[in-house]
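Enquirer: Below are the sequence and a predicted model; questions follow.
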Amino acid sequence: MSSEASSSPSDTVLLAQALVQRPSVTPADEGCQALLSDRLTPLGFQCEQINRGEVTNLWATKGDAKPLLVFAGHTDVVPTGPLEQWRVPPFDGRIENGMLHGRGTADMKGSIAAFVCACESFLERNPEHLGAIGLLITSDEEGPAVDGTVAVLDTLEQRGQKIDLCIVGEPTSTDSLGDVIKVGRRGSLGANIEIRGVQGHIAYPHLASNPIHLALPALQELTSIVWDQGNDNFQPTSLQLSNIHAGTGATNVIPGTLEILMNLRFSPETSEQHIKKTVEELFDQHQLDYHIDWRLSGQPFETKQGELIKAVSESIATVTGRPPETSTSGGTSDGRFIAPTGAQVIELGPINATIHKIDECIATSDLDLLKECYEGTMQRLLVESN
């Protein structure tokens, strides 16, 4: 490890570094959550593992009063890709020229470190705060996302526990720390489509039925549909074909089936049911022999202006000198599971320029600013709110 010449790394940076040095490629946790528990337990948190399948989940709470403010995040990271292409090995956690390097620095071990250290500072200054504080940390966000946050929420529902306010540490910032917060996300609906034809010899097309030829007009029409115009807070619904496959690999064989993968990111102006009905009616009109396996990853959600957005925005403005822009753009997050429970949910985290890339990194100064933003939010919600 190389430290900064001018000063030693902060507690937030050192905790983020320690987390990055654990190679927790999804669904592995590699001891990250145990490290977090060791930091949280002396603060008075009750730390509990709610594991399911191969997934490790930490549910840590301090207090049982209302409101319950929860920080949600994930210790799992995406695979590194070719190691030889990394300038700094992805799990070294090297600090160099004001940057912390490594897989997960921005997505999202840096956020987790910032929240834990924010809790430490907040509780030292406010031992008698209002409400309760929680952490919901999973190792399944980058994977199938079925045994992670969902498993914890299932347990909370059985217990009658309810999250009131939730900050997800996803990397939302674009150009500078805190310039964007997410107050919602579009829904995600995927489809695995099989178009059936009749396999045959290329020289005898009258004895076969080519599913590629049959499907092309329908696919052209499908990709031309304008689903909606979005609204003031959401981009329009979009459809993308992500994979098309057919054939045996031989040039002289008409394929018997065509397989298509597609995904729609849909705004609240279009429903899951409308999408399914429209696609199936279109395929019926083109007289296709088809089967569709639909997979809903999440419904669209939006947190309206209220105490959480106000507290987060004011905290960011105090720390950075400017209020954040609110947005619902981008992919999905585990906020899609938490929002339907009735919680107010926003996302605030580091700059996302290097997430999932070779040489992922984050400015150490941004980690310290993020910690201040989280602490300021807690101050506004759990001390100054009454």
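Expert: That came through fine.
Enquirer: which residues of the stretch 1-150 of the chain fall in helices?
Expert: For the stretch 1-150 of the chain, the helices defined by DSSP state H, counting those that start in this stretch occupy 11-20, 32-40, 110-125, 149-159.
Enquirer: For the last one, which helices and strands make contact with it?
Expert: Okay, so that is helix 149-159. strand 57-62, strand 132-138, helix 335-338 (3 or more C-beta pairs under 8 Å, 6 or more residues apart in numbering; DSSP states H and E). Every C-beta, even on glycine, is put in place using the N, C-alpha and C of the backbone.
Enquirer: hey, which of the ones you listed is tucked in deepest?
Expert: strand 132-138 (a mean of 25; mean count of other C-beta atoms under 10 Å).
Enquirer: Can you show me the CA trace of that strand as PDB?
Expert: The C-alpha trace of strand 132-138 is given here as PDB (Å, rounded to 0.1, in the frame of the first residue of the first chain):
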ATOM      1  CA  ALA A 132     -33.400   3.800  14.300                       C
ATOM      2  CA  ILE A 133     -30.500   3.100  11.900                       C
ATOM      3  CA  GLY A 134     -30.100   0.000   9.800                       C
ATOM      4  CA  LEU A 135     -27.800  -1.500   7.200                       C
ATOM      5  CA  LEU A 136     -29.000  -4.000   4.600                       C
ATOM      6  CA  ILE A 137     -25.900  -5.500   2.900                       C
ATOM      7  CA  THR A 138     -26.100  -8.300   0.400                       C
END
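Enquirer: Quick one: mean pLDDT for stretch 191-205?
Expert: Stretch 191-205 shows an average pLDDT of 97 in the prediction.
Enquirer: Next: stretch 252-266.
Expert: 98.
Enquirer: which parts of that stretch are buried?
Expert: Using 16 or more other C-beta atoms under 10 Å as the test for burial, stretch 252-266 gives Ile254, Pro255, Gly256, Thr257, Leu258, Ile260, Met262, Asn263, Leu264, Arg265, Phe266.
Enquirer: hmm, back to that, to Ser139, which of the helices of the stretch 1-150 of the chain lies closest?
Expert: Nearest of these to Ser139, taken as C-beta to C-beta: helix 32-40 at 7.4 Å.
Enquirer: For that closest one, which outside residues touch it?
Expert: 15, 18-19, 22, 24, 45, 47, 49, 56-58, 60, 62, 75, 109, 112, 116, 119-120, 135, 137, 139 (C-beta atoms under 8 Å, 6 or more residues apart in numbering).
Enquirer: again, only using 7 Å
Expert: If you take C-beta atoms under 7 Å, 6 or more residues apart in numbering as the criterion, helix 32-40 is touched by 18-19, 22, 24, 47, 56, 58, 60, 75, 112, 116, 135, 137.
Enquirer: In it, which of the residues would be classed as buried?
Expert: Within helix 32-40, the residues scored as buried using 16+ other C-beta under 10 Å are Cys32, Gln33, Leu35, Leu36, Ser37, Arg39, Leu40.
Enquirer: hmm, back to that, mean pLDDT and distance to Glu347 added to the helices and strands packed on helix 149-159, as JSON lines?
Expert: Shown next, in JSON lines, are the helices and strands packed on helix 149-159 (pLDDT from 0 to 100; distance: least, C-beta to C-beta, whole Å):
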{"stretch": "strand 57-62", "mean pLDDT": "98", "distance to Glu347": "19"}
{"stretch": "strand 132-138", "mean pLDDT": "98", "distance to Glu347": "14"}
{"stretch": "helix 335-338", "mean pLDDT": "96", "distance to Glu347": "6"}
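Enquirer: how about the ones you listed, which one is nearest Ile202?
Expert: helix 335-338 (46.1 Å).
Enquirer: Pull the distance from that closest one to the chain's centre.
Expert: The chain centre lies 9 Å from the centre of helix 335-338; the measure is C-alpha atoms, centre = their mean, to the nearest Å.
Enquirer: quick one: which of the buried residues of helix 32-40 is nearest Gln85?
Expert: Among these, Cys32 lies closest to Gln85 (C-beta to C-beta), at 24.5 Å.
Enquirer: follow-up on the earlier one: mind putting the helices of the stretch 1-150 of the chain into TSV with distance to Pro67?
Expert: Shown next, in TSV, are the helices of the stretch 1-150 of the chain (distance: least, C-beta to C-beta, whole Å):
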stretch	distance to Pro67
helix 11-20	25
helix 32-40	19
helix 110-125	15
helix 149-159	15
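Enquirer: nearest to Gly321, of those?
Expert: helix 110-125 (18.7 Å).
Enquirer: Who are the packing partners of that closest one?
Expert: Contact here means 3 or more C-beta pairs under 7 Å, 6 or more residues apart in numbering; DSSP states H and E; on that basis helix 110-125 packs against helix 11-20, helix 32-40, strand 68-74, strand 132-138, helix 364-382.
Enquirer: The ones you listed: which one's closest to Gln240?
Expert: Nearest of these (C-beta to C-beta): strand 68-74, 24.9 Å.
Enquirer: Now do the end-to-end distance for stretch 173-187.
Expert: Stretch 173-187 has an end-to-end distance of 21 Å (C-alpha to C-alpha, to the nearest Å).
Enquirer: So for that stretch, mean pLDDT?
Expert: 97.
Enquirer: mind checking how far that stretch is from the chain centre?
Expert: With C-alpha atoms, centre = their mean, you get 12 Å for stretch 173-187.
Enquirer: before we move on, back to that, list just the nearest of the buried residues of stretch 252-266 to Gly335.
Expert: After measuring the buried residues of stretch 252-266 against Gly335 - C-beta to C-beta - the closest member comes out as Arg265, at 14.6 Å.
Enquirer: Each with direction, which strands does the helix or strand harbouring that closest one pair with?
Expert: Using DSSP states H and E, Arg265 sits in strand 257-266. Here strand 257-266 is paired, per DSSP bridges, with strand 187-196 (antiparallel), strand 238-246 (antiparallel).
Enquirer: Can you tell me which of those is nearest to His274?
Expert: strand 187-196 (10.6 Å).
Enquirer: Show me which positions of that closest one end up buried.
Expert: Gly187, Ser188, Leu189, Ala191, Ile193, Ile195.
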